[in-house]
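In: Sequence plus the predicted model coming up.
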Amino acid sequence: MKSFLQLCRDTEKKLGRKLLEQEVEFLQWVSERYIEEERKKKCIS
């Protein structure tokens, strides 16, 4: 997965505007969940 900063930049570019605080928080949450799930997969494998 892309870094969190890259994810924010790409999303801003697609939207054509700066992200709102709530949107940044949501992307942070998504990024954290993704990392957590990837770690679980590695432990199980």
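Out: Right, received. Where do you want to start?
In: Was I right to think residue 8 contacts residue 25?
Out: No - here residue 8 does not reach residue 25: they are 11.0 Å apart, not a contact under C-beta atoms under 8 Å. Placement of C-beta: from N, CA and C, glycine included.
In: These two - which one has more neighbours?
Out: residue 8 (18 against 11; other C-beta atoms under 10 Å).
In: Run through the residues that contact that one.
Out: 19, 24, 27 (C-beta atoms under 8 Å, 6 or more residues apart in numbering).
In: got it, and residue 5?
Out: Neighbours of residue 5 in contact, by C-beta under 8 Å, 6+ apart: none.
In: how near is it to residue 42?
Out: From residue 5 across to residue 42, the span is 23 Å (C-beta to C-beta, to the nearest Å).
In: ok, now residue 9?
Out: 27 Å.
In: between the two, who's got more neighbours?
Out: residue 9 (13 against 8).
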